[in-house]
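**Q** Sequence and computational prediction follow.
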Amino acid sequence: MKRIAVLGATGSIGKSSLDVISRDKENFEVVLISAHSSREELERLSRQFPSAVCVFSGDTGGKEKLLTAIKNANACLIINGISGSPGLEPSLAAIESGAALALANKETIVMAGRLVLRRAKEKNVNVIPVDSEHSAIFHLLQREIFNHSASQGITREDFYNRASQGFMEEDIKSYLNNHVSEIILTASGGPFRKFSLKEMESVTAKDALTHPTWKMGPKITIDSASMANKGLEIIEACVLFNMPPEKIKVVIHPQSIVHSMVRLCNGALYTQASIPDMRHPIHDALYWPETKPSSLESLSFDSLTLEFEKPDTEKFPMLNLARKAAQYGALFPCAYNAANEEAVAAFLNGRIRFTDIPKVTEYALEADWSLKYDDLETVLKADNEARERALSFIHKLV
Ligand code: NDP
Ligand code: MG
């Protein structure tokens, strides 16, 4: 029996996770579920998973209660499906508890990737990406590196432990540098792919909350429309796979069937594909490092059309702002994320226009975020300062 915790159980990732877990009651036991504002929904889930401790973190002292519950859960795998920056501290608590971390919460890596992966390595804990693109790359690169490691006499178990802690080991790093020419992230392009900049100026929150292929929580849906989501994912890929931003490409693929690609130096392109359903990467993370049969729908070629096009970086400035943040490193990615979160909240409240989101983020990034961090406090301080800077710009706009 694998003891599993699902953080953000009432959200889109949380519900998908509980669905996958429910399909294999012989192997999985849910030991902890959490929610933040959906008290009734959490109560309903607690009846469905009676063995789970339920934590509602939306009231006073809620955050501490959640962190303590994570540390005491004695889970072997913790799925983090919390949305946004509040996911960082639970991720660190999960690592401290010694559980493997199945990470949907990309903000954890964007805000404090170096710290998180260092702690994972020190605690000998695996970090398994669940974000579909990174799950795809993770599994593709692992197969590639595994062949190499096996030829060096490295055992399978040793290899898996090292690879999941961020591909940080020098020999893996140099192998990837020499053999992988690029990582290609696919992006649906969101609902405004065919809009002009002028048309994007007047879109409403309702327009932006309608995603063409994925059903997700509101924050990530807005980020998909502005392509900030792909921006966050460029940073996430750089950190997780130890790649410079120039080796991370983005291609628009409206059908969201191909989840990402890896191009090797000999020109061979490896792709990972499935129907767009987050239960696939969640399934892969739950059983990792093994590959188990899945009862989920598999991809059929009967009426399949796959299109690819170049992203328009002028219409979607969040892409290049993320590249800049990834290139500068240090606290720049954290500032990018914080400013974007404030801008998205202001857009959803009707205070700024959709096209103001990158302006707010650009302004926040103009400050100096070059301080190298090694602790949570420094990260949280920068997160706070970037929000203040973003808010000062938002006040000027309204
Ligand atoms: P949702 O908004 O659907 O769900 C978020 C979950 O987090 C809810 O359970 C919510 O509780 C909980 N939550 C919200 N705020 C807090 C807080 N301050 N403290 C603790 N818990 C909180 O989000 P998604 O499931 O869409 O996304 C979750 C994460 O996964 C994000 O980081 C996203 O980027 C990432 N991701 C999501 C994908 C998807 O398909 N949805 C795909 C790839 C990545 P409550 O409902 O009670 O408010
Ligand atoms: Mg993704």
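**A** Perfect, thanks for sending it. Ligands and ions are numbered 1, 2, ... in the order given.

**Q** Alpha carbons only: can I get stretch 286-296 in CSV?
**A** Provided in CSV are the C-alpha atoms of stretch 286-296 (Å, rounded to 0.1, in the frame of the first residue of the first chain):
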residue,chain,number,x,y,z
LEU,A,286,2.0,7.8,-9.0
TYR,A,287,3.6,4.7,-10.4
TRP,A,288,7.0,6.2,-11.2
PRO,A,289,9.7,4.7,-11.8
GLU,A,290,7.5,1.9,-13.0
THR,A,291,5.3,1.9,-16.0
LYS,A,292,1.9,0.5,-15.2
PRO,A,293,-1.1,-0.1,-17.5
SER,A,294,-3.7,2.6,-17.4
SER,A,295,-7.5,2.4,-17.8
LEU,A,296,-7.6,6.0,-19.2
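
**Q** Pull the residues that contact it.
**A** Residues from elsewhere that reach stretch 286-296, judged by CB atoms under 8 Å, 6 or more residues apart in numbering: 2, 4, 17, 20-21, 23, 28, 77, 102, 126, 128, 142, 156, 160, 164, 277, 279-280, 283-284. (Each C-beta comes from the backbone N, C-alpha and C, glycine too.)

**Q** Let's see which of these end up in helices.
**A** Counting by DSSP state H, the part of those found in helices is 17, 20, 21, 142, 156, 160, 164, 279, 280, 283, 284.

**Q** Touching, the second one and residue 280? I think so.
**A** No - using CB atoms under 8 Å, residue 20 is not in contact with residue 280; the gap is 9.0 Å.

**Q** before we move on, the earlier item: ChimeraX command for the buried members of the ones in helices among the contacts of stretch 286-296?
**A** Per 16 or more other CB atoms under 10 Å, the buried members of these correspond to this ChimeraX selection:
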select :17,20,21,142,160,164,279,280,283,284
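
**Q** For the ones in helices among the contacts of stretch 286-296, give me TSV that also has distance to ligand 2 and pLDDT.
**A** Shown next, in TSV, are the ones in helices among the contacts of stretch 286-296 (distance: CB to the ion, whole Å; pLDDT from 0 to 100):
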residue	distance to ligand 2	pLDDT
17	15	98
20	17	98
21	21	98
142	18	82
156	28	71
160	23	70
164	18	61
279	14	98
280	12	98
283	16	98
284	14	96
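
**Q** And for residue 346, the neighbour number?
**A** Residue 346 has 22 neighbours, counted by other CB atoms under 10 Å.

**Q** host element of it?
**A** According to DSSP states H and E, residue 346 maps onto helix 332-348.

**Q** tell me what that helix is packed against?
**A** On a contact count with 3 or more CB pairs under 8 Å, 6 or more residues apart in numbering; DSSP states H and E, helix 332-348 meets helix 107-122, helix 205-208, helix 218-226, helix 228-241, helix 318-328, helix 357-365, helix 376-397.

**Q** who wins for proximity to ligand 2 among these?
**A** Ranking the helices and strands packed on helix 332-348 by their distance to ligand 2 (criterion: CB to the ion) puts helix 228-241 first, at 5.5 Å.

**Q** how many degrees apart are the closest one and helix 218-226 in direction?
**A** Here helix 228-241 runs at an angle of 100 degrees relative to helix 218-226 (axes from the mean of the first three to the mean of the last three CA atoms, to 10 degrees).

**Q** hey, C-alpha coordinates of stretch 75-94 in CSV?
**A** Presented in CSV, the C-alpha positions along stretch 75-94 are these (Å, rounded to 0.1, in the frame of the first residue of the first chain):
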residue,chain,number,x,y,z
ALA,A,75,3.1,9.6,3.2
CYS,A,76,5.3,8.0,0.7
LEU,A,77,4.1,10.3,-2.1
ILE,A,78,2.6,13.8,-1.8
ILE,A,79,0.8,15.4,-4.8
ASN,A,80,1.0,19.2,-4.7
GLY,A,81,-2.0,20.5,-6.6
ILE,A,82,-2.2,23.8,-4.7
SER,A,83,-2.5,26.8,-7.0
GLY,A,84,0.1,29.6,-7.1
SER,A,85,2.7,30.8,-4.7
PRO,A,86,1.0,29.3,-1.6
GLY,A,87,2.2,25.9,-2.9
LEU,A,88,5.9,26.6,-2.1
GLU,A,89,5.9,26.0,1.6
PRO,A,90,3.8,22.8,1.4
SER,A,91,6.3,21.5,-1.2
LEU,A,92,9.2,22.2,1.2
ALA,A,93,7.3,20.6,4.1
ALA,A,94,6.6,17.5,1.8
